[in-house]
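Trainee: what's the 3D shape of this:
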Amino acid sequence: MGKLFGTDGIRGIANKDLTPELAFKIGRAGAYVLSKGNKGKILVGKDTRISGDMLEAAIAAGICSIGLDVVSLGVVPTPAVAYLTKKYNALAGVVISASHNPVEYNGIKFFNEDGFKLSDEIEDEIERYILSEEDIPLRPVKGEVGRVVVESNAYRDYIDHLKNTINKDFSGLKIAVDCGNGAVFKIAPELLKELGADVVVINDKPNGVNINVDCGSTNPSMVQSLVLESKADIGLSFDGDADRLIAADEKGNIIDGDHILAICGTYLYENKKLKNNTVVGTIMTNIGLDIYLKDKGINIVKTAVGDRYVLEEMLANGYVLGGEQSGHIIFLEHCTTGDGLATSLQLINVMKETGKKASELNSLMTSFPQVLENARVKKELKNSYMEDEVIKAEIEKVENVLQGEGRVVIRPSGTEPLVRVMIEGKDMEKIERLAKELADLIEKRLGN
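Mentor: As a prediction, this is how the structure comes out:
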């Protein structure tokens, strides 16, 4: 991984790490590499955080300085940019968002002309230009400089695309929605209402600084309570850029990404639409999904954490369904990246097609207890935990304590100065204690 690009683009505290000056260089370098010498346009979309305007202006200036036009999509979900990049025949798409991260963060990520995230090789090439002392040798003048235009149909085009991915309308269903004060604050309620649902909405009033604040997919208790209070059939909770979904059944129980894979994987399998009879998960996938799918006769393949790695596996082997426990789910027949809105439609469509309640579908698999603890460490040390002999020995000790009835997964965050400790096992009290002790040790050894 390079110095700038993480697992999901470039992120940092806006105007401190991710400055307008850096954003200009990113826009300029990205446009130069991705245009491959061609004239054309690059789409730019953003979430609702206050720094989006500042960074969009800088990125747009960089793109225009290469001689390419910028099409501003305004506030739209990340997957909308991916879809529209291909639909509008753009050279690339840019998203300004830090997803589920706090408001002080922002990020920049690219999609190629086909709406897919960039390969490591392309990101490395862009990064070399950004970090180089030499300027890119392309400075068009006069009428060759790019311009910025606003695309007013983007919102409607994305809604129409989503509606075409399902077979049923949602009449007769009450749906609770937590928009997370993010990119779907307007589009999610409107889409669901157009499909005939009775919609109850919270956190749909972004003010630039309340995105992800005690709401959205990383705080699902909000939608759980809303489901119970409103007597909804299902609840939907989105993160800031809506590339992930965490749902809740009518009893208020969480439907996470693993359960969504179980539900939708089963539906596709039973309707002979699950290509190669395989679902793609990650190393963080709950072992309960493995057990359930095996009993159904469905294969599961594991990748590193990150929907880009899930997608790479799907493309390489012709799989159509994959995702993460965090709610990044890819339906490759309809999407080129994780799409929270598309996932919600597919999930509700299964309810309509089968006539089953969300809780009945949610009970297909049984999750093993998992505990996740974050150790805050120095950014430059977050990949060094296995080089520390004390930490390494402690990990081995924990694995021995679990004695084959659980597992330990340690991984650095792709976007923050954190090392994540996940322990899975049968005894909740035991794994909570072990995870806390291990995270504290890592923080003590590698922290500030």
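Trainee: now do the contacts for Glu113.
Mentor: Going by Cβ atoms under 8 Å, 6 or more residues apart in numbering, Glu113 touches Leu34, Thr85, Lys86, Asn89, Ala90, Leu91, Ala92. C-betas here are computed from N, CA, C, even on glycine.
Trainee: which ones among these map onto strands?
Mentor: Judged by DSSP state E, those include Ala92 as members of strands.
Trainee: neighbour-wise, which of the contacts of Glu113 leads?
Mentor: Thr85 (29 neighbours; other Cβ atoms under 10 Å).
Trainee: would you list the contacts of Glu113 in JSON lines and tack on pLDDT and distance to Asn299?
Mentor: Putting the contacts of Glu113 into JSON lines (pLDDT from 0 to 100; distance: Cβ to Cβ, whole Å) gives the following:
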{"residue": "Leu34", "pLDDT": "97", "distance to Asn299": "35"}
{"residue": "Thr85", "pLDDT": "98", "distance to Asn299": "32"}
{"residue": "Lys86", "pLDDT": "97", "distance to Asn299": "29"}
{"residue": "Asn89", "pLDDT": "98", "distance to Asn299": "37"}
{"residue": "Ala90", "pLDDT": "98", "distance to Asn299": "36"}
{"residue": "Leu91", "pLDDT": "98", "distance to Asn299": "37"}
{"residue": "Ala92", "pLDDT": "98", "distance to Asn299": "34"}
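Trainee: nearest to Ala342 among the contacts of Glu113?
Mentor: Lys86 (14.7 Å; Cβ to Cβ).
Trainee: not counting sequence-adjacent ones, nearest residue to that closest one?
Mentor: Gly115 (4.3 Å; Cβ to Cβ, 6 or more residues apart in numbering).
Trainee: how close does that neighbour get to Thr415?
Mentor: Shown here: Gly115 relative to Thr415, a distance of 22 Å by Cβ to Cβ, to the nearest Å.
Trainee: returning to what we had before: ok, the residue nearest to Lys86 - how many residues close by?
Mentor: Count around Gly115 with other Cβ under 10 Å applied: 20.
Trainee: now Arg445
Mentor: 18.
Trainee: residues contacting it?
Mentor: Arg445 makes contact with Asp388, Val390, Ile391 under the criterion Cβ under 8 Å, 6+ apart.
Trainee: top of those residues by neighbour count?
Mentor: Ranked by the number of neighbours (other Cβ under 10 Å), those place Ile391 first, at 21 neighbours.
Trainee: you'd agree that residue is up against Tyr385?
Mentor: Yes. Ile391 lies in contact with Tyr385 (Cβ atoms under 8 Å); the separation is 5.2 Å.
Trainee: report the set of residues contacting both of these two.
Mentor: Shared contacts of Ile391 and Tyr385 (Cβ under 8 Å, 6+ apart): Ile442, Leu446.
Trainee: can you give me the helices for the protein?
Mentor: Assigned by DSSP state H, the helices in the chain fall at 20-35, 52-65, 78-87, 120-131, 154-163, 187-194, 221-230, 257-270, 287-296, 307-317, 340-354, 358-362, 389-402, 428-446.
Trainee: and the spatially most central residue of the chain, how far from Val213?
Mentor: Centroid check for the chain by Cα atoms, centre = their mean gives Asp243 as the closest residue, at 4.2 Å. For Asp243, the distance to Val213 equals 19 Å [Cβ to Cβ].
Trainee: mind listing what the residue nearest to the centre of the chain touches?
Mentor: Pro77, Thr78, Pro79, Ser99, Asp307, His328, Thr337, Gly338, Asp339, Gly340.
Trainee: let's see that with 7 Å instead.
Mentor: Contacts for Asp243 (Cβ atoms under 7 Å, 6 or more residues apart in numbering) come out as Pro77, Thr78, Pro79, Ser99, His328, Thr337, Gly338, Asp339, Gly340.
Trainee: same check, this time on Leu345
Mentor: Leu162, Thr165, Ile166.
Trainee: without its sequence neighbours, what residue ends up closest to Ala248?
Mentor: Gly235 (3.7 Å).
Trainee: same deal with Gly172?
Mentor: Closest to Gly172 by Cβ to Cβ, 6+ apart is Gly196, at 7.7 Å.
Trainee: per-residue pLDDT of that neighbour, please?
Mentor: In this model, Gly196 is scored at 98, pLDDT.
Trainee: these two touch, right, it and Lys168?
Mentor: No. Assessed by Cβ atoms under 7 Å, Gly196 is found out of contact with Lys168, at 9.2 Å.
Trainee: neighbour-wise, which of those two wins?
Mentor: Using other Cβ under 10 Å, the more surrounded residue of Gly196 and Lys168 is Lys168, with 15 against 12.
Trainee: and the nearest residue to that one once chain neighbours are set aside, how many neighbours?
Mentor: Counting by Cβ to Cβ, 6+ apart, the nearest residue to Lys168 once its immediate chain neighbours are dropped is Lys352, at 4.0 Å. Using other Cβ under 10 Å, Lys352 has 16 neighbouring residues.
Trainee: and the gap between Ala316 and Pro417?
Mentor: For Ala316, the distance to Pro417 - Cβ to Cβ - is 31 Å.
Trainee: those two: who's more crowded?
Mentor: Using other Cβ under 10 Å, the more surrounded residue of Ala316 and Pro417 is Pro417, with 18 against 8.
Trainee: what about the nearest residue to that one once chain neighbours are set aside, distance to Glu416?
Mentor: Nearest residue to Pro417, sequence neighbours excluded (Cβ to Cβ, 6+ apart): Lys379, at 4.2 Å. Separation of Lys379 from Glu416 (Cβ to Cβ) stands at 9 Å.
Trainee: pick out whichever of the two has more residues nearby.
Mentor: Glu416 (20 against 13).
Trainee: which residue sits closest to Gly297, ignoring its sequence neighbours?
Mentor: Nearest to Gly297 is Asn277, by Cβ to Cβ, 6+ apart, at 7.4 Å.
Trainee: sorry, back to before: report the lowest-confidence entry in the contacts of Arg445.
Mentor: Out of the contacts of Arg445, that is Asp388, at 89.
Trainee: what number of residues lie near the closest residue to Ile166 other than its chain neighbours?
Mentor: Leaving aside its sequence neighbours, Ile166 sits nearest to Asn349 (Cβ to Cβ, 6+ apart; 4.3 Å). As a burial measure, Asn349 scores 19 neighbours (other Cβ under 10 Å).
Trainee: residues touching Met365, list them.
Mentor: Asp258, His259, Ala262, Gly288, Leu289, Tyr292 are the contacts of Met365 under Cβ under 7 Å, 6+ apart.
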